[in-house]
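Novice: Provided below are the primary sequence and the corresponding predicted coordinates.
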Amino acid sequence: MVDMSTVLAGALKTASGLFGLGKIWFMPTFLAALTYYNYDLYDPESQPISVSKIRDEYDFIVVGAGSAGSVVASRLSEHKEWSVLLLEAGGHESEITDVPILSLYLHGSRYDWKYKTEPSNTACQAMKEKRCCWTRGKVIGGSSVLNTMLYVRGNKKDYDAWAEMGNPGWSYEEVLPYFLKSQDQRNPYLARNKRYHATGGYLTVDDAPWLSPLGLAFLQAGEEMGYPIRDINGASQTGFALFQFTTRRGMRVSAAKAFLNPVRLRSNLDVALNTVTTKVLIDGSKRAVGVQYFRDGKYSIVRARKEVILSAGAVNSPQLLMLSGIGPREQLEKHGIGVIADSPGVGENVMDHIAVGGMVFLIDYPISLVMNRVVNVNSAIRYAVSGEGPLTSSVGLETVAFVTTKFGNATDNWPDIELMLTSASTNSDGGSNVKRAHCLTDTFYDSVFKDINNRDVFGVFPMIMRPKSRGVIRLKNKDPFQAPLIYHNYLTHPDDIRVLREGLKAGLAIGETQAMKRFGARFHNRLLPGCKHLPEYTDEYWDCYIRQYTMTIYHMSGSTKMGPSSDPMAVVDPRLRVYGVANLRVIDASIMPQITTGNINAPTIMIGEKGADMIVEDLKS
Ligand SMILES: Cc1cc2nc3c(=O)[nH]c(=O)nc-3n(C[C@H](O)[C@H](O)[C@H](O)COP(=O)(O)OP(=O)(O)OC[C@H]3O[C@@H](n4cnc5c(N)ncnc54)[C@H](O)[C@@H]3O)c2cc1C
């Protein structure tokens, strides 16, 4: 056991390394309280241990310890006769990454790859250089360490559509067991519904320990608008619900914490942090035989006896495939990379969920999550002592609504809009972290939000569920340390702006309900600087509005899509094996042929579970 002063010194070092002490003034007290009250629980060994030496050969090499990779490595190493190496570019999680309310501080930190999209005229016009900031986790646990922890499985029809596209095994009935396999549902009422929920899995799913009065008011607003209140992860998705989170005792449960911490002492699982995979090694008979990696200032190789699995996420998995000679021929040749498999779909079909940012409603009561009011020494100590209070709030995300616009078919029960309803918004931290995380320009922020800095508000974020626009990821050059070029192509398909516009109107309608009006709700209708030339409240104005503060929800996916061999754009087959190269799979959000209806962390963990199971089936049958 380490002594208290060592622990405290470590905690303070984390805070200063991340933000510089003083940026969050209460942080030293906070960390000291956390450490003091959780001292008995504190055990630095509970994180996976990063091996000092990587052996020459393993049965499996998993690249990327994110939402999917953590699951794959955990499940494969259940088989004692197999050795597994998990390579991760980032380092450990910290005390700060655990705290739900602080997640926005992690954007742009050392836990983030800090990707930016190429400038475009179709979206993100209010952002610096017209680039959207694509935060991606670079840490054990991957993006599940930076995410807002919402647990949403998607719609039955999503998976049935995957199966209908020529992917046997991926229908809803076939993927549901894998959601259940992971889950430890902590809400006893939901846990009773055993068809849709399970207890005892690695991944804790819980209700928020803290809600503002707005959370329940949103539900009442939904009822007033004629929607049911329901378990959106159960039999039917359309309606309103309080969000559930991947948290435990009010703290983040990343995929690494869920799936790797409990198995960290397995002798057949080696985890290597701060190790960047630079290429997959492929032999003359087009079989993956290992990877090249960069660690401690030098390149080395490690061999895989059975398979290499890429779980590097929707940006880095296609990048690694291309660096290894698998991708669109002309792209590879352009960068002088020898073509091993001409796979035109690598880096194509990029999907994301985008929302309308900045829909702020002023209210008259001091009940919202104004950061400089709720984040203080008292709330820090409350969090540390009991895992409760406003610091457990995931940046104010309280209620979710799934609705169908006039462009969808309500009887399908396959909503085209998700509304995230929040007790905080862009102005709630006085123009510090939200502005920075979203890369908003000062001019935009100042003209829209500055005069309502720290005022009580609620937020509505309408999000399009199945966008038709598709982005592209390309190599910039063949240097593995150069970020790839990301063309988001948001809102290039005309249907997407129409659906989002209707979502925006549904959001405005929520603000008009009696349930919200009793707080004095009124839309903060500040004319956006880039749209002043258009008449207010017209469709043209709203379209312009949507293209200004276009908010990524960080659901990048689809860039190495799964599909049948008859589909030339499919990169992996329905068993997630890369076409054209043996012993190589991609298992992460990149394989989604069509993005799911809702936040995609739970579906990605499901993909990890199912992918690992398919490996076991394929190799043991
Ligand atoms: C800010 C944010 C908020 C979000 N909020 C939610 C939410 O509330 N709910 C939800 O459902 N979803 C949310 N998401 C989305 C969800 O978290 C991601 O879709 C999911 O984590 C992706 O999982 P993945 O396994 O595909 O990739 P990741 O989890 O990103 O994992 C990829 C891993 O590979 C590593 N890696 C990459 N390249 C290399 C390399 N060359 N060598 C070694 N390692 C490498 C990375 O460092 C990373 O650890 C959010 C995402 C973000 C970023």
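Specialist: Here it is on my side, so go on. Worth saying up front: this structure is predicted, and the values here are computed from it rather than measured.

Novice: pLDDT on stretch 478-494, on average?
Specialist: Across stretch 478-494, pLDDT averages out at 98.

Novice: Straight-line length of that stretch, end to end?
Specialist: 35 Å (Cα to Cα, to the nearest Å).

Novice: from what I can see residue 342 touches residue 328, true?
Specialist: Yes: at 7.2 Å, residue 342 and residue 328 qualify as touching, with contact defined as Cβ atoms under 8 Å. Yep, even glycine has a C-beta here, placed from its N, CA and C like the rest.

Novice: ok, now how distant is the closest residue to residue 611 other than its chain neighbours from residue 279?
Specialist: Nearest residue to residue 611 in three dimensions, chain neighbours excluded: residue 587, at 3.5 Å (Cβ to Cβ, 6 or more residues apart in numbering). Shown here: residue 587 relative to residue 279, a distance of 18 Å by Cβ to Cβ, to the nearest Å.

Novice: do the same with residue 291
Specialist: 7 Å.

Novice: Check whether residue 292 sits in a helix, strand or coil.
Specialist: strand (DSSP: H, G, I helix; E, B strand; the rest coil).

Novice: Can you report how many residues neighbour it?
Specialist: 17 (other Cβ atoms under 10 Å).

Novice: ok so, going back, between residue 587 and residue 279, point out the one with more neighbours.
Specialist: residue 587 (27 against 20).

Novice: Correct me if wrong: that one contacts residue 607.
Specialist: Yes: the pair residue 587 and residue 607 qualifies as a contact (Cβ under 8 Å) at a distance of 6.2 Å.

Novice: Up against the ligand, what does the stretch 301-450 of the chain have?
Specialist: 311, 312, 313, 314, 316, 320 (Cβ under 6 Å from any ligand atom).

Novice: picking up where we left off before, give the residues shared as contacts by residue 291 and residue 279.
Specialist: Here residue 291 and residue 279 share no contacting residue, scored by Cβ atoms under 8 Å, 6 or more residues apart in numbering.

Novice: ok, residue 163 touching residue 175?
Specialist: No: between residue 163 and residue 175 there is no contact under Cβ under 8 Å: 9.2 Å.

Novice: between the two, who's got more neighbours?
Specialist: Comparing residue 163 with residue 175 by other Cβ under 10 Å, the one with more neighbours is residue 175, at 24 against 17.

Novice: Need the phi and psi values for residue 419.
Specialist: Residue 419 adopts backbone torsions of phi -110, psi 120, taken as degrees, to the nearest 10.

Novice: Tell me how far it lies from residue 388.
Specialist: From residue 419 to residue 388 the distance is 27 Å (Cβ to Cβ).

Novice: higher neighbour count, those two?
Specialist: residue 419 (26 against 14).

Novice: can you tell me which strand in this protein is longest?
Specialist: Looking across the chain with DSSP state E, the single longest strand is strand 298-310.

Novice: Contact partners for the residue nearest to residue 611?
Specialist: 68, 69, 72, 309, 310, 311, 576, 607, 608, 611, 612.

Novice: what's around residue 229, how many residues?
Specialist: For residue 229, using other Cβ under 10 Å, the count is 16.

Novice: pLDDT score assigned to it?
Specialist: 98.

Novice: Next: residue 116.
Specialist: Residue 116 is given a pLDDT of 98.

Novice: need the contact list for it.
Specialist: 129, 131, 132, 133, 134, 439, 483, 486.

Novice: Would you agree the second one is in contact with residue 115?
Specialist: Put plainly, it is residue 131. No: here residue 131 lies out of contact with residue 115, judged by Cβ under 8 Å, at a distance of 9.5 Å.

Novice: Beta-bridge partners for residue 242, please?
Specialist: residue 399 (DSSP bridges).

Novice: how near is it to residue 561?
Specialist: Taking Cβ to Cβ, one finds residue 242 at 33 Å from residue 561.
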